[in-house]
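Asks: Give me a model of this one.
(chains A and B)
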Amino acid sequence: TQLLEQSPQFLSIQEGENLTVYCNSSSVFSSLQWYRQEPGEGPVLLVTVVTGGEVKKLKRLTFQFGDARKDSSLHITAAQPGDTGLYLCAGEKVSGGSNYKLTFGKGTLLTVNP
Amino acid sequence: ETGVTQSPTHLIKTRGQQVTLRCSSQSGHNTVSWYQQALGQGPQFIFQYYREEENGRGNFPPRFSGLQFPNYSSELNVNALELDDSALYLCASSTKGGNTEAFFGQGTRLTVV
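Replies: Residues are numbered from 1 along each chain as shown, chains lettered A, B, ... in the order given. Modelled structure (predicted):
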């Protein structure tokens, strides 16, 4: 069972277009992280959101955490070919009082064509 | 660059064999988590080590085991390899506490034939 659902699974757009990727869950997370992964590499952390309703900006990337801390979105403005990659959201849950583990979505594979 | 290093980067093993993967955590981090990422999937949590003790485990059989050393580096051992164990194995280092930010290594690509 995938606790975090990401959509769309695949996205192919032209350079300069805007896009939004969604990460949804029925579970509440203490924090949510967005990663970008290139083929054969490990995920690279982009941002962590903690507070419900929080919005964070990283250059052309805008991240939002839902009010109920169950969902998040990533918006990219004026996408560039260098934005191409697999975007993963990961929720952090505390289980058993002390364990912090990340639950990942399947990811959104973004291709930005020149 | 995260400062988390994994070795080897690629490995080919035969079904039934055993494998050990290694991870050096980022300086100052005391927690290492291991993930398995199959092709086309997000990473799946295997287990976490904190101060040399297992601190949580995902839905993986006992033939997946691990160690953490006093310098916080870690090993992942898989016995009786199966074809479905072929995946990218990722280790992530972090510090204990809330709102953990995990920094990943480049991964070990394991192929079981």
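Asks: Pull the number of nearby residues for A:Gly85.
Replies: For A:Gly85, the count of nearby residues is 20 (other C-beta atoms under 10 Å in any protein chain shown). From N, CA and C alone the C-beta is placed, and that goes for glycine too.
Asks: cool, and the one 5 residues further on?
Replies: Look at A:Ala90: counted by other C-beta under 10 Å, it has 27 neighbours.
Asks: ok, it touching A:Gly107?
Replies: No. Between A:Ala90 and A:Gly107 there is no contact under C-beta atoms under 8 Å: 10.0 Å.
Asks: Mind listing the shared neighbours of those two?
Replies: Contact criterion C-beta atoms under 8 Å, 6 or more residues apart in numbering or on different chains; residues bridging A:Ala90 and A:Gly107 by contacting each: B:Gly42.
Asks: Assign the residue nearest to A:Glu17 when sequence neighbours are not counted to helix, strand or coil.
Replies: Excluding the flanking residues, the one nearest A:Glu17 by C-beta to C-beta, 6 or more residues apart in numbering or on different chains is A:Ala79, at 5.6 Å. Classification of A:Ala79 by DSSP: H, G, I helix; E, B strand; the rest coil places it in coil.
Asks: any idea how far A:Ala79 is from A:Tyr87?
Replies: 12 Å (C-beta to C-beta, to the nearest Å).
Asks: intersection of neighbour lists for the two?
Replies: A:Leu110.
Asks: Would you check that the residue nearest to A:Glu17 makes contact with A:Ile13?
Replies: Yes. Taking C-beta under 8 Å as the definition, A:Ala79 is a contact partner of A:Ile13 at 5.9 Å.
Asks: ok, those two, which is more surrounded?
Replies: Taking other C-beta under 10 Å, A:Ala79 and A:Ile13 do not tie; A:Ala79 has more neighbours (22 against 16).
Asks: Show the contacting residues for B:Val112.
Replies: Shown in contact with B:Val112 (C-beta under 8 Å, 6+ apart): B:12-15, B:81-86.
Asks: quick revisit: spit out the residues that contact A:Ala79 and A:Ile13 alike.
Replies: Common neighbours of A:Ala79 and A:Ile13 (C-beta under 8 Å, 6+ apart) are A:19, A:110, A:112.
Asks: before we move on, the earlier item: for ChimeraX, what selects the buried ones among the contacts of B:Val112?
Replies: Buried residues among these (16 or more other C-beta atoms under 10 Å in any protein chain shown), as a ChimeraX selection:
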select /B:13,81,85,86
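Asks: and of the contacts of B:Val112, the nearest to chain A?
Replies: B:Ser86 (14.0 Å; C-beta to the nearest C-beta).
Asks: Quick check: that closest one touching B:Gln37?
Replies: No. B:Ser86 is beyond contact range of B:Gln37, at 10.9 Å (criterion: C-beta under 8 Å).
Asks: distance of A:Gly53 from chain B?
Replies: 16 Å (C-beta to the nearest C-beta, to the nearest Å).
Asks: what about that residue, how many neighbours?
Replies: If we define neighbours as other C-beta under 10 Å, then A:Gly53 has 11 of them.
Asks: so what's B:Ala87 up against?
Replies: B:36-39, B:110.
Asks: Show only the entries of the shared contacts of A:Ala79 and A:Ile13 found in strands.
Replies: Of those, the ones assigned to strands by DSSP state E are A:19, A:110, A:112.
Asks: Can you find the helix or strand in chain A with the smallest mean pLDDT?
Replies: Ranked by mean pLDDT, DSSP states H and E, the weakest helix or strand in chain A is strand A:99-104, scoring a mean of 78.
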